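>>> What follows is a predicted protein model with its sequence.
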Amino acid sequence: MSHNVGGLGALRGRLVLVAGAGLSGLAAARALVELGARVIVADDAARRLASLPPGCVGELKLVVPPCDLALVVTSPGWRPDNPLLTAAAANGTEVIGEPELAWRWTQPGGPGEVPPRWLAVTGTNGKTTTVGMLTAILTEAGRDVLACGNVGTPVIDAVRAGHRELAVELSSFQLYWSPSIRPAAGCLLNVAEDHLEWHGGMAGYLAAKSRVLRGGIAVAGVDNQMAATALAQCRAPTRLGVTLAAPVPGQYGVLDNTLVDYAFDVRPVPLVAVEHVHPAGPPGQVDALAAAALARAVGVTPDQIAAGLRGYRPGPHRGVVVGERAGVRFIDDSKATNPHAADAALAGHRRVVWIAGGQLKGASITELVRQHAHRLAAVVLLGIDQGPICDALSQHAPEVRVSKVPPGEHDPMTNAVRRAVDLATPGDVVLLAPAAASLDQFQDYAARGRAFEAAVAALPMVTAQTAQ
C-alpha cells in the first residue's frame, strides 16, 4: 500500500521519518513538528541525536523503517541505496529532501501563505560564489533576499522566515531528492566529474544537476559542453546562455573587457568591467554573468547589477592569498574539491608548488595533470587517493618532484606546507587546490583551508596577506 502524501497539511498526526540529524535534518524536523506530524529522527551518531527539537524521537542506527510512515525526509548526503531509504521506498513511502519539503511548504496544501521566488544555482563548481554575487545584487536592488540551501541556511528555515526571494544553492544530492522544485529561474553553471560514486556514474550526476532547469527561466554556462546540452534539451520557455566569448542574442558574455547582457535588449547592454569582478579571472567572470542573468530575469537593472558585483568579495578558501615568504606566495583554494575546480585554480599561475590530494570520489585526475604539467614546479600529496595522482604525474610530468605526506600523519597540513617551502623558489606560488574532497583527514574543506592558513602563519618570516 502506498503512503505517499500530497499536501503537507495531510501530515498532521502522521508519522514522518527524518533521515539524518545534521543541519538540514534538524531544520526539517522542526518544521514537521510545527505541522503536527509525529517525527522520528534517525542517525548513526548518538551525539547528533542528543539535542533534537522538542517533539521528536531519536532512533540510533535505525535499519527497518516503521510500517506506517507517511513520508521520509532525508539529509542530502544519504545515498539512494541506503538500506533504510530503500526499505521505506519498497514499502511505498515517498522519500524527499529538505529543499523539496521547503518547496511544498508554500504549495497548495502546505502551511505557507505567499510563496517566495526561488532563484536556484547548481554546477560542479562556482555555486557558492554565484549565489553570493546574486545575493549582493538583489540586496543592492532592495530585495528581501536570503542565500540558503547548500550555502548554509536550510531552505525550509528561509521559507518559514518569510523571505520574499531566495538565492538557493543546490547540490546534486539535494536536486536528486527534489522531484517537484520548479524555480522561477535556475542556473546550471557547469558539469564535470564529481560525486560519481554517489550517483552511480556521470549520467546520474548530470540528470540530477539538470533538474535545476525545469522552471520558467533556464540559465547555463554554454562554454561547458554538458551544461550547454542540458540547456538546449530543457523545456524552459526562456533559455539564457552564459559565455566568456562575445555573446549572441539570448546570451550574456564579454565584450571589450566588459560583462554585457545581450538577452533582454536588442543590443548588448554593458554591466560591469571585468576588473571590478572578484574573484578575478575567467571562473569569477562566468559566475558574475550567471548571477547577472538570474537578477535581470527578475527585473533588476543593469546599474544595480554593476553596483552589487563591484561590492562583492568571495568567501574564504576560494583563491585567497594567506601569506608570503621569501618571494613565495601561499594561496588557499581549499574549495577546489574536484579536478574541474583545481583546473581553474592552477590556470591562474605560471609556476606552482601544488598541494593536492584527498578523496577523489571516482573522478579522473589524468587530464588535469596533463594540461598543467608545464606549470608544476613540484607537487606535495595529501590524503588517501595519492595513487591516481602519482600515476598521472608519472605519465605526464615525470620530471616534476613529488613529495608524499603519509595519510596517517598527525598534522598532515603542517608537514605538507613545510615540504612545499623546501621545494619552492622565489616567484613560485604554493597553491592548496587539492582536486579532492577533504573528509579523509579534515572535518570539511574549510577546516582544511584553516589548517593551511595556520601552517603558513607558523612559518618564520611570513608576511600576512588579505584578499583584495
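That came through, no problem.
>>> what helix or strand is the nearest residue to Thr124 once chain neighbours are set aside on?
Ranked by Cβ to Cβ, 6 or more residues apart in numbering and with sequence neighbours excluded, the top spatial neighbour of Thr124 is Ala192, at 4.5 Å. The way it works is simple: take the backbone N, C-alpha and C, and place the C-beta from them, glycine included. Per DSSP states H and E, Ala192 falls between elements, in no helix or strand.
>>> Ala192 touches Ser172, doesn't it?
No - Ala192 is beyond contact range of Ser172, at 11.6 Å (criterion: Cβ atoms under 8 Å).
>>> For the residue nearest to Thr124, give me its contacts.
Residues in contact with Ala192 (Cβ atoms under 8 Å, 6 or more residues apart in numbering) are Thr124, Asn125, Asn224, Met226, Asn338, Pro339, His340, Ala363.
>>> Which two among the residues you listed are spaced furthest apart?
Checking those against each other with Cβ to Cβ, the farthest-apart pair comes out as Asn224 and Ala363, at 15.6 Å.
>>> Neighbours of Gln441, how many?
Neighbourhood size, Gln441 [other Cβ atoms under 10 Å]: 21.
>>> residues in contact with it?
By Cβ under 8 Å, 6+ apart, the neighbours of Gln441 are Gly358, Leu382, Gly383, Pro407, Pro412, Arg448.
>>> mind redoing it with 6 Å?
Gly383, Pro412 (Cβ atoms under 6 Å, 6 or more residues apart in numbering).
>>> Before we move on, what's the pLDDT of it?
With respect to pLDDT, Gln441 has a value of 94.
>>> Same check on Asp265?
Reported pLDDT for Asp265: 86.
>>> Now do it against Arg12, distance only.
Remark: distance between Asp265 and Arg12 (Cβ to Cβ, to the nearest Å) = 50 Å.
>>> Please apply the same query to Asp333.
Taking Cβ to Cβ as the measure, Asp333 and Arg12 are separated by 48 Å.
>>> higher neighbour count, the two?
Asp333 (25 against 11).
>>> ok, that one touching Ala433?
Yes - between Asp333 and Ala433 a contact is recorded at 4.2 Å, counting by Cβ atoms under 6 Å.
>>> Please enumerate the shared neighbours of those two.
With Cβ under 6 Å, 6+ apart as the test, Asp333 and Ala433 both reach Ala345.
>>> what comes up buried for stretch 349-359?
Neighbour counts over stretch 349-359 (16 or more other Cβ atoms under 10 Å) mark His349, Val352, Val353, Trp354, Ile355, Ala356, Gly357, Gly358, Gln359 as buried.
>>> go on, stretch 159-167?
Across stretch 159-167, burial judged by 16+ other Cβ under 10 Å covers Val159, Arg160, His163, Glu165, Leu166, Ala167.
>>> chain center to it, what's the gap?
20 Å (Cα atoms, centre = their mean, to the nearest Å).
>>> does Glu453 sit in a helix or strand, and which one?
Counting by DSSP H and E, Glu453 is found in helix 445-457.
>>> Which positions within that helix qualify as buried?
Under the neighbour-count criterion of 16+ other Cβ under 10 Å, helix 445-457 has Tyr445, Ala447, Arg448, Gly449, Arg450, Ala451, Phe452, Glu453, Ala455, Val456 buried.
>>> Just the CA atoms of it, as CSV, please.
Provided in CSV are the C-alpha atoms of helix 445-457 (Å, rounded to 0.1, in the frame of the first residue of the first chain):
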residue,chain,number,x,y,z
TYR,A,445,37.2,21.8,3.1
ALA,A,446,37.0,24.9,5.3
ALA,A,447,38.9,23.1,8.1
ARG,A,448,41.5,22.0,5.6
GLY,A,449,41.9,25.6,4.5
ARG,A,450,42.2,26.9,8.0
ALA,A,451,44.9,24.3,8.7
PHE,A,452,46.8,25.5,5.6
GLU,A,453,46.5,29.2,6.7
ALA,A,454,47.7,28.2,10.3
ALA,A,455,50.6,26.3,8.9
VAL,A,456,51.6,29.2,6.7
ALA,A,457,51.3,31.6,9.6
